[in-house]
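Peer 1: With the sequence up front, the predicted model follows.
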Amino acid sequence: MLDESVVMMAGISNADVAQIDVAHEVLGGRLMSVKNQFSPAFRSSWGELDHRTKPGPAFLSRSPLGSIANAKDLAERHSAFQQAADEAGTSVYRVTPAWELAPAPVVIPVTWASRSASIRGSAAAADLELAADQFVLPSV
């Protein structure tokens, strides 16, 4: 489809660094995005995020709040995020995507929500700046 110009760019999902490199090569530089799970509870995608900040495709953060089923317990399971929310006078649903946006401009948190307030909180994350001393921020 790429070779026939049906689509201009492509994305991949659940890829490690080596798979990202292969996709980039196979697609001839037309890799647009990498979507991996990334959240306070699932931080093992740091390597892929770091790899994609050296210019490259967008990093789509899947389940940034820890899945729709676990989002309600986010503050209880990750108290640093609730503390940062309290200090900023906002919700943990705004702080968590802001934390994911902090390391690089290529990160796009893909949040799922069942309540409009959660959607608005996640969208407002782009305007929230976090202090590095509030909790450990990514170091990519």
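Peer 2: Ah, there it is.
Peer 1: could you point out which element follows the host helix or strand of Pro109?
Peer 2: For Pro109, the element it lies in under DSSP states H and E is strand 107-110. Sequence order places helix 116-123 as the next helix or strand after strand 107-110, per DSSP H and E.
Peer 1: Now do the helices in this structure.
Peer 2: Assigned by DSSP state H, the helices in the chain fall at 17-26, 46-52, 74-77, 79-88, 92-101, 116-123.
Peer 1: So for Pro109, which of the ones you listed sits nearest?
Peer 2: Nearest to Pro109, of all the helices of the chain, is helix 92-101, at 4.1 Å by CB to CB. (Each C-beta comes from the backbone N, C-alpha and C, glycine too.)
Peer 1: Report all helices and strands that that closest one contacts.
Peer 2: Secondary-structure packing of helix 92-101 (3 or more CB pairs under 8 Å, 6 or more residues apart in numbering; DSSP states H and E): helix 74-77, helix 79-88, strand 107-110, helix 116-123.
Peer 1: Using a markdown table, lay out those together with mean pLDDT and distance to Ala23.
Peer 2: Listed next are the helices and strands packed on helix 92-101 as a markdown table, based on pLDDT from 0 to 100; distance: least, CB to CB, whole Å:
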| stretch | mean pLDDT | distance to Ala23 |
| --- | --- | --- |
| helix 74-77 | 76 | 31 |
| helix 79-88 | 84 | 32 |
| strand 107-110 | 82 | 18 |
| helix 116-123 | 76 | 28 |
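Peer 1: tell me the most buried of these?
Peer 2: strand 107-110 (a mean of 19; mean count of other CB atoms under 10 Å).
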